[in-house]
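Student: dropping the sequence and predicted coords here.
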Amino acid sequence: MSKKISACVVVYNEEAVIGRCLESVKAAADEIIVVHDGECGDNTLDICRRYGAKIFIRPRKGAMEFHLPFAFRQAAGDWILRIDADEFLSKELRDKIRTLARDDGADAYEFLWPIWDGDKYITKSWPRKLCLFRKEKISFLGVIHFSTEVNGRIEKSDLMLEHRPKENNFVWKTFKRKIKKWASAHAKLYLNDFGAVEKYNRNDNDWPAKVKLRVKFPLLLMPLEFFVTFLRNLLSGGIKEGLIGVRVALMLGIYRVAVNYNIFYRKNKMILKKIKNIILRDYSTDTALRYLPAVDVLKKVKNEQNKILEVGSGDLGITPYYKKSVTGLDVEYGNRPSKLLKKIKFGGKNFPFGDNEFDVTVSVDNIEHLPASEREFFLKEILRVTKKEIILVAPCGRLSYEHDIKLRDLFYGIHKKRDKFLEDHKRNGLPEADDLISMLKTSADALNKNIKITKNEKSLNLKVRYFIMKCKISENVFLSVLYYAFLFVLPLRRFLNYGNCYRRIIVAEII
C-alpha cells in the first residue's frame, strides 16, 4: 500500500537555496508544506509557488522550531519529511525514499548528514539526522534544538541528506557568534510558561522532567551535561572522523553548558540586582577608585570645620567615602538621597557662590565632560570660590583617551547602545595634565591669587582599569561578581598606580 509523504520546511528569506531544496523533493513527496517565519522580503515564496507548495505565513519568531508543530499539523501524508531550506535529498535518497516509507517495520529514519565547510564535506559517516518519520509516531515541542521524539523503531540509513549551509557552523569564530545568540534564547524558552509553547502530539501540561531538572539545578548539572553530550557524540561516530569529530562533539558539549549558564543567569539576574542595590548601591569598584584618591587628600587638610564644595557631584559624590557635610554642584541630580550632600542644581558658567566661599573644592572626573574651550574658565571659577585648596582628579592624556575608545566600543558591542559619559570623552577629548596645571596658573594670575602645585600624581594602571571596567560592563554574572569583589582589595589600591595610568591627581594649594 502506498504511503504518502509530506515535506515540511520552515523558511525565512531563502531565495538563494530554496529552489535546490524543493527540486530535490518534488518527486519524492506528495505535498510540500512551506511555513514562512514572518513576512517575506525576497522571492522565496514565488519560488515555492512554482513547486505547488502549500504556503503559510506566520508571525516572525526567529527560529524554525517554533513553527514546526504547526507545519506538522498541516501535513496530510502518512510520513513527514522534515527538511531545511539549505538541505536537499541526494539522488540515492530521492530514488529510494518511497521504498523506505513502505517498510512497515520502521517508524523513522536517520540519514547521513555530513558536515560541509563551504567547499566540501569534511566528514564521511557522521553525524546523522532524524528527518523522515511516521506522523502518528512522533511528538514535538516547539523549542530551539528540541529533538523529534519517536514512539517506535528508528532505522539508521547510509543514504545522505545533503546539507550545504552558507558557512561552516563548526569553526570557532562562527560557533562563538552563534552560541551567544542561541544559548541565551534557548535558556529563556525553558524559563517561560510551558502553556505558551507550541506542541505536536503531546498532552503533557508541564515541561519534561529532564528540562525541569536542568532549570532547577543548572550549575550543578553543567559538568554532567557537558560530558554526556561530548561522549554521546564521540561514541555515535564522531571519534571515527578524527579531530573534526572531536571538535564538533566539544562544541555541542559547550553549547549545553552555555544554555545551563544562561538559565542560571536569567533565574538569578533579578535577585543579584536586588542584592547589589540593597548592599552595594552606594559603593562600586570604579566609583571607589575614582573618589578615594581625592578623599585621601581631603583627610590631610587641616581644620575639621572646612567648608567643602564638590563640583559635578551627582547624587552622592564623595560622601560615601568622606563622612562629612559637602555642598554639591551639578547640572542635574537623580533620586538617590544623601544626608551629607547639600545639592545645588546649576547649569550656567559662573558658579552661584561668592569669592572664597569654600575652603576646599573637589572636582573628580568632571572637566573632561566640558569642551576644551570651556575648561580654563571652569578652573578659574573653581579658583574664585576657593580659599585654601583645590583637588582636581581627571583622566588625562592620549593613552587614556584610546583606552576610553576601546571601552566605548566594548560597551556598544554588549549593550547595543552608547554610554553618555564615554561619548563625552570621545567628543571632547581628554586633557593633558600639563595643560591643566598651566590653566590653573593662568587663572590664578587673573584672580591675583598665588597657587602651589603640591601633588601631581598618576592613578590607576590602564590595564588594570580596563579589566575592572570590562567586568563592570559585562553581562556575565561571574564578571559582575568579580567587579564587586575588587572592593575587598581597595586598601591596596596604591599599588595599582604604576606604569601608564588613567587619571592624574592634581592638588593646588592657594597661598
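Tutor: Good, I have the coordinates.

Student: pLDDT weak spots in the chain?
Tutor: By pLDDT under 70, the low-scoring segments of the chain are 1-2, 270-282, 303-304, 477.

Student: host element of the residue sitting nearest the centre point of it?
Tutor: Central residue check for the chain by C-alpha atoms, centre = their mean: the C-alpha nearest the mean position is that of residue 414, 4.7 Å away. For residue 414, the host element (DSSP states H and E) is helix 398-415.

Student: before we move on, what about residue 361?
Tutor: Assigned by DSSP H and E, residue 361 falls in strand 358-364.

Student: now do the buried residues in that strand.
Tutor: 358, 359, 360, 361, 362, 363, 364 (16 or more other C-beta atoms under 10 Å). Using the backbone N, CA and C atoms, a C-beta is placed for each residue, glycine as well.

Student: can you pull the contacts of the closest residue to the last one other than its chain neighbours?
Tutor: Going back to what we said before, that points to residue 364. The shortest distance from residue 364 to any non-neighbouring residue, by C-beta to C-beta, 6 or more residues apart in numbering, is to residue 393 (4.4 Å). Counting by C-beta atoms under 8 Å, 6 or more residues apart in numbering, residue 393 makes contact with 290, 293, 294, 362, 363, 364, 365, 459, 503, 504, 505, 506.

Student: give me the beta-bridge partners of the nearest residue to the fifth one once chain neighbours are set aside?
Tutor: Nearest residue to residue 363 in three dimensions, chain neighbours excluded: residue 311, at 4.6 Å (C-beta to C-beta, 6+ apart). Here residue 311 shows beta-bridge partners residue 329, residue 363, assigned using DSSP bridges.

Student: follow-up on the earlier one: by neighbour count, which of the contacts of residue 393 wins?
Tutor: residue 362 (29 neighbours; other C-beta atoms under 10 Å).

Student: give me the longest helix you can find in the protein.
Tutor: helix 243-279 (DSSP state H).

Student: from the chain's centre, how far out does that one sit?
Tutor: 12 Å (C-alpha atoms, centre = their mean, to the nearest Å).

Student: report the residue ranges of every domain in the chain.
Tutor: The chain breaks down by automatic domain parsing into domains covering 5-163, 172-279, 285-510.

Student: following element in sequence after the helix holding residue 414, please.
Tutor: Following helix 398-415 toward the C-terminus (DSSP H and E): helix 420-428.

Student: buried set for the following helix or strand past that following helix?
Tutor: Reading on from helix 420-428 to the C-terminus, the next helix or strand found by DSSP H and E is helix 433-446. Across helix 433-446, burial judged by 16+ other C-beta under 10 Å covers 433, 436, 437, 439, 440, 441, 443, 444.

Student: export these to CSV and tack on distance to residue 259?
Tutor: Formatted as CSV, those follow (distance: C-beta to C-beta, whole Å):
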residue, distance to residue 259
433, 49
436, 51
437, 55
439, 55
440, 56
441, 60
443, 59
444, 62
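
Student: report the angle between the helix holding residue 414 and helix 420-428.
Tutor: Here helix 398-415 runs at 140 degrees with respect to helix 420-428, directions being taken by axes from the mean of the first three to the mean of the last three C-alpha atoms, to 10 degrees.

Student: wait, the residue nearest to residue 363 sits on residue 366?
Tutor: Yes: judged on C-beta atoms under 8 Å, residue 311 makes contact with residue 366 at a distance of 6.0 Å.

Student: neighbour count winner among those two?
Tutor: residue 311 (24 against 20).

Student: and that one, what does it touch?
Tutor: Contacts of residue 311 by C-beta under 8 Å, 6+ apart are 329, 330, 351, 361, 362, 363, 366, 382.

Student: and if we set it to 10 Å?
Tutor: 317, 327-330, 346, 351, 358, 361-364, 366-367, 378, 381-382, 385, 390, 392 (C-beta atoms under 10 Å, 6 or more residues apart in numbering).

Student: how much space between it and residue 484?
Tutor: Here the criterion is C-beta to C-beta, to the nearest Å. By it, residue 311 lies 28 Å from residue 484.

Student: so residue 11 bridges to which residues?
Tutor: residue 36.

Student: let me see the contact set for it.
Tutor: Here residue 11 is in contact with 17-18, 21, 34-37, 40, 44-45, 47-48, 53, 55, 64, 67, 84-86 (C-beta under 10 Å, 6+ apart).

Student: if we can go back for a sec, for the helix or strand following the strand holding residue 361, which positions count as buried?
Tutor: Remark: after strand 358-364, the chain's next helix or strand is helix 375-385, criterion DSSP H and E. Going by neighbour count (16+ other C-beta under 10 Å), the buried part of helix 375-385 is 375, 376, 378, 379, 380, 381, 382, 383, 384, 385.

Student: before we move on, what about stretch 446-456?
Tutor: For stretch 446-456, by 16+ other C-beta under 10 Å, it's 447, 449, 451.
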